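Student: build me a model:
(2 chains, ligands or ions: 2)
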Amino acid sequence: MEKNKLTPWLYLLPAIVFLGAFMVYPLIDVFIYSFEEGYNSASQTYFGVGGYNYSYVLHDPYFLQALKNTFILVIITVPVSTALALVISAGLASVKPLRDLYQTVYFLPYVTNTLAVGLVFMILFKKTPYSDGLINLLINMFGGQSVDFIDGPYWAKMFVLCFYTVWVVMPFKILILTSALASVDRNYYNAAKVDGTSKMRIFTKITLPMISPMIFYLVITGFIGAFKAYSDAVALFGTDLNAAQMNTIVGYIYDMLYGDSGGYPSYASAAAIILFAVVLTITCINLIISKNKVHH
Amino acid sequence: MKVVLQNLTKIFPPRNKKSGGGVVAVNNFNFEFPDGKLIGLLGPSGCGKSTALNLISGLLKPTEGNIFFGEKDVTNLPAENRGVGLVFQNYALYPHLTVKQNITFPLENFKGKDRLTREQMDKKAYEAAKLVQIENLMDRKPHELSGGQQQRVAIARALVKMPCVLLLDEPLSNLDARLRLQTREELKRIQQETGITTVFVTHDQEEAMSISDMIVVMKDGVINQTGKPQEVYDNPKNLFVAKFLGTPPISVFDGQVTGGKLIVNGDEILDVPGTEDRQVKVGIRPEGFVPCVTGKMKCTLSGIEVMGRDMSVISRNPACENPVIRAIVPADTRIDTSSAEIKFDIKPGKIFLFDHETGERIY
Ligand SMILES: Nc1ncnc2c1ncn2[C@@H]1O[C@H](COP(=O)(O)OP(=O)(O)OP(=O)(O)O)[C@@H](O)[C@H]1O
Ligand SMILES: [Mg+2]
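Tutor: Ligands and ions are numbered 1, 2, ... in the order given. As a prediction, the model looks like this:
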């Protein structure tokens, strides 16, 4: 009996050791750092313990800007990319012969390097002395004024960042949703058809509830992914994100650690814990909503 | 409403164009399903029963031929507008909806002047549920129901809109033997109460025989015989139909007609006047064997099994195709089990002769 209880733990031991050393310990450490005031990484000393780091971070205009950017990014890209992916995969599901081809095409961004994709976006959006960028050419064609998307107004830069994020996460979502759609038993559709159900109603009353666990999964991972956004912004706007007003929370954390203004692990830790709290809250809200809406 | 099938053919295209051919799942059906009757569509697995049903429901488009509901040609009407009720082999209840929501689902599709209020829908759903006796399960989800209950929900969902035709695809195949017996009686009762023309697919001949007003026996996409169950049983058109109907199955022998006499394994067992001399297949129903000391047909006795009021006598004959001959006789029949041989007289109406090659009935 005793032995039986021990065996599973024995099997888990390697995983527990590794996860403990590389995930749990750093997590606790970050938590501790975030309360150590005036920490000096060179001498490894600090003045006292308290909430000053949090207070500093929460009053730092750069952090507030990063927080605002991240929230805008999350609130726009998660719904837009999920809805768009749903529309595209529903479309793909109804044109069988094209499905495989399109799946490959849509999957390209997923396997392409972020920085390379960023370069392509630069070409599309950046205004240089020689060209206004492809998008501006299009805008001009329809009689609009050129906009500088990379160094221009805040909303234009935000638009590019959102566009980029949506574009990058789309293939994964389409892949998940097309397979979710394909796994819905055809008999349900046939039953609904025989009962005279319209296409729209079949989609909202049968297809959506049936794939709701997958949509839910995409929304949760989408939220988490968008909150962690950083490299996308770097790829588009370069490393000095604070100057470009395009910093994200993770970007702020990075700057606090290694940036030009860096060397403040306590502030970085506090910001990281705030991010953690935000993501945790959002995920919990998601879980509560899904309890009522998602069919498992 | 009667349902008429005219030269109905369905060919599934081949998977790759080069191999050609394709599967002829339904081959030139001509049949009229009479109004208000329960019709059993019967045949071995893969013979095209589901395909025939899906053609009637509109889920499949026929390759050729026409379908009429009453006088109306519905061949090109999509399934959405045909107004049939369909019960699927696996029920296809929507797992995320409650029983009640499942049953009201078809009603919510009514538009325009047919549109119902919530109260009307609830009332109809309740009536349909009552008909199949599930009114106390309305708030459950399908996965919280037994197989038999799910099947009844599926029937209620198909019935609630009062379809012009009710189609059931092997609705009882997932049930255990006892529930099956009980549910098939219920099916009969529901059909009689509603008077809806009902087509009921099964590969279980006993099921079809017991509740159908009429059966359609098919094989390889072709209708072999139609009629009242007892008529088809008593008068099979060919060897396939004779073999397919009846439990225990008919015993089939190789035989020879010579000079108006039927000879099986050297025994002259029957006078068949007017039949030309030829090789034949002989089919004898289990109840056609009468043990009798003066009997003309000699077989090797292997045992007897008493089952309530009947007894089955198991014997062998070299000319018989079946592994053993099962004869059903009243349980009080005297049989000398010590003897290795048993002799049978053959009841005239229970023996059929078929062409040796084609299996067509000749006597
Ligand atoms: N979509 C399809 N494409 C190609 N062939 C098909 C298709 N559906 C059915 N068939 C073929 O058509 C024939 C009839 O199939 P059907 O499903 O009607 O049989 P069934 O009588 O209902 O059998 P069962 O009793 O096993 O359900 C079979 O040979 C089957 O392989
Ligand atoms: Mg079938």
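Student: what strand or helix carries residue 209?
Tutor: Since you didn't name a chain, this refers to chain A. Per DSSP states H and E, residue A:209 falls inside helix A:208-227.
Student: my bad, the chain I had in mind was chain B
Tutor: Here residue B:209 is assigned to helix B:205-211, by DSSP H and E.
Student: buried stuff in that helix?
Tutor: The neighbour-count check on helix B:205-211 (16 or more other C-beta atoms under 10 Å in any protein chain shown) flags B:205, B:207, B:208, B:209, B:211 as buried. For every residue, glycine as well, the C-beta is placed using N, CA and C.
Student: now it, how far from the centre of its chain.
Tutor: The chain centre lies 6 Å from the centre of helix B:205-211; the measure is C-alpha atoms, centre = their mean, to the nearest Å.
Student: show residues contacting it.
Tutor: With contact meaning C-beta atoms under 8 Å, 6 or more residues apart in numbering or on different chains, helix B:205-211 is reached by B:38, B:40-42, B:172, B:180, B:184-185, B:187-188, B:200, B:202, B:215, B:229-230, B:233, B:244-247.
Student: switch the cut-off to 6 Å
Tutor: Helix B:205-211 has contacts (C-beta atoms under 6 Å, 6 or more residues apart in numbering or on different chains) with B:40, B:42, B:184, B:188, B:202, B:215, B:229, B:244, B:245, B:247.
Student: sorry, back to before: redo the buried residues of helix B:205-211 as a markdown table? Include distance to residue B:287.
Tutor: Listed next are these as a markdown table, based on distance: C-beta to C-beta, whole Å:
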| residue | distance to residue B:287 |
| --- | --- |
| B:205 | 16 |
| B:207 | 20 |
| B:208 | 19 |
| B:209 | 14 |
| B:211 | 21 |
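Student: closest to chain A out of those?
Tutor: Of all the buried residues of helix B:205-211, residue B:207 has the smallest distance to chain A: 22.0 Å, by C-beta to the nearest C-beta.
Student: and the next element down the chain from the helix holding residue A:209?
Tutor: helix A:231-237.
Student: could I get the buried residue list for that following helix?
Tutor: A:231, A:232, A:233, A:234, A:235, A:236, A:237.
Student: make CSV from those residues and add distance to residue A:112 and pLDDT to it.
Tutor: Converted to CSV, these look like this (distance: C-beta to C-beta, whole Å; pLDDT from 0 to 100):
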residue, distance to residue A:112, pLDDT
A:231, 13, 84
A:232, 13, 83
A:233, 17, 86
A:234, 16, 84
A:235, 11, 81
A:236, 15, 82
A:237, 19, 83
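Student: tell me how far the residue in the stretch 101-250 of chain B that ligand 1 sits nearest to lies from residue B:41.
Tutor: Residue nearest to ligand 1 within the stretch 101-250 of chain B (C-beta to the nearest ligand atom): residue B:203, separated by 4.8 Å. Residue B:203 is 10 Å from residue B:41, where distance means C-beta to C-beta, to the nearest Å.
Student: give the contact list for residue B:102.
Tutor: Listed by C-beta under 6 Å, 6+ apart, the contact set of residue B:102 reads B:93, B:94, B:153, B:157.
Student: ok, back up a step: out of the contacts of helix B:205-211, which are inside strands?
Tutor: B:40, B:42, B:202, B:215 (DSSP state E).
Student: what's the pLDDT at the last one?
Tutor: Per-residue confidence at residue B:215 stands at 94 (pLDDT).
Student: nearest residue to it other than its sequence neighbours?
Tutor: Counting by C-beta to C-beta, 6 or more residues apart in numbering or on different chains, residue B:40 is the residue found nearest to residue B:215 once chain neighbours are left out, at 4.4 Å.
Student: residues from the stretch 151-296 of chain A in reach of chain B?
Tutor: For the stretch 151-296 of chain A, the residues found near chain B under the criterion C-beta under 6 Å from any C-beta of the partner chain are A:187, A:188, A:190, A:191, A:193, A:194, A:195, A:196, A:197, A:209, A:295.
Student: give me the helix or strand of chain A that scores worst on average pLDDT.
Tutor: Lowest by mean pLDDT, DSSP states H and E among the helices and strands of chain A is helix A:96-111, with a mean of 68.
Student: just to revisit the earlier point, from the ones in strands among the contacts of helix B:205-211, which is closest to residue A:205?
Tutor: The shortest approach to residue A:205 among those belongs to residue B:202, at 31.2 Å (C-beta to C-beta).
Student: mind listing the strands for the stretch 51-200 of chain A?
Tutor: All residues of the stretch 51-200 of chain A lie outside strands when identified by DSSP state E, counting those that start in this stretch.
Student: which residue would be the closest one in it to ligand 1?
Tutor: residue A:186 (10.4 Å).
Student: how about residue B:343, nearest residue that isn't a chain neighbour?
Tutor: Here the residue nearest residue B:343, using C-beta to C-beta, 6+ apart, is residue B:295, at 3.3 Å.
Student: and the gap between the residue of the stretch 101-250 of chain B closest to ligand 1 and residue B:185?
Tutor: Counting by C-beta to C-beta - residue B:203 and residue B:185 are separated by 19 Å.
Student: more neighbours: which of the two?
Tutor: Neighbours per residue (other C-beta atoms under 10 Å in any protein chain shown) separate residue B:203 from residue B:185, with residue B:203 holding more: 17 against 12.
Student: contacting residues for the more buried one?
Tutor: B:44, B:45.
Student: distance check, the residue nearest the centre of chain B against ligand 1.
Tutor: In chain B, the C-alpha nearest the mean C-alpha coordinate belongs to residue B:42, at 3.0 Å (C-alpha atoms, centre = their mean). In this view, residue B:42 and ligand 1 are 10 Å apart by C-beta to the nearest ligand atom, to the nearest Å.
Student: state the distance from that residue to chain A.
Tutor: 22 Å (C-beta to the nearest C-beta, to the nearest Å).
Student: returning to what we had before: which two from the contacts of residue B:102 end up farthest apart in space?
Tutor: Farthest-apart pair in these is B:94 and B:153; separation 10.2 Å (C-beta to C-beta).
Student: settle it for me: which of these two has more neighbours?
Tutor: For residue B:94 versus residue B:153, the count of surrounding residues by other C-beta under 10 Å is larger for residue B:153: 27 against 20.
Student: can you tell me the closest non-neighbouring residue to the more buried one?
Tutor: In space, and not counting its chain neighbours, residue B:153 is closest to residue B:99: 5.3 Å by C-beta to C-beta, 6+ apart.
Student: what residues are up against that neighbour?
Tutor: Residue B:99 neighbours (C-beta under 6 Å, 6+ apart): B:137, B:138, B:140, B:153.
Student: residue B:54 now?
Tutor: Going by C-beta under 6 Å, 6+ apart, residue B:54 touches residue B:60.
Student: now it: phi and psi?
Tutor: Note on residue B:54: backbone dihedrals following degrees, to the nearest 10 are phi -70, psi -30.
Student: quick one: the helices in the stretch 1-150 of chain A?
Tutor: A:2-19, A:25-33, A:52-59, A:61-94, A:96-111, A:114-125, A:134-141 (DSSP state H, counting those that start in this stretch).
Student: contacts made by stretch A:256-269 with the rest, please.
Tutor: A:30, A:33, A:34, A:36, A:39, A:41, A:53, A:57, A:253.
Student: count the residues that sit near the residue of the stretch 51-200 of chain A closest to ligand 1.
Tutor: Residue A:186: 10 neighbours (other C-beta under 10 Å).
Student: report the separation between it and residue B:165.
Tutor: For residue A:186, the distance to residue B:165 equals 22 Å [C-beta to C-beta].
Student: for the stretch 1-150 of chain A, which spans come out with low pLDDT?
Tutor: A:1-3, A:41-42, A:96-100, A:102-104, A:106-107, A:109-110 (pLDDT under 70).
Student: which residue packs closest to residue 137, ignoring adjacent ones?
Tutor: You didn't say which chain, so I picked chain A. In this structure, residue A:137 finds its nearest non-sequential neighbour in residue A:131, 7.8 Å apart by C-beta to C-beta, 6+ apart.
Student: the intended chain is chain B.
Tutor: Setting aside the residues directly before and after it, residue B:137 is nearest to residue B:99 in space (C-beta to C-beta, 6+ apart), at 5.3 Å.
Student: thank you, goodbye.
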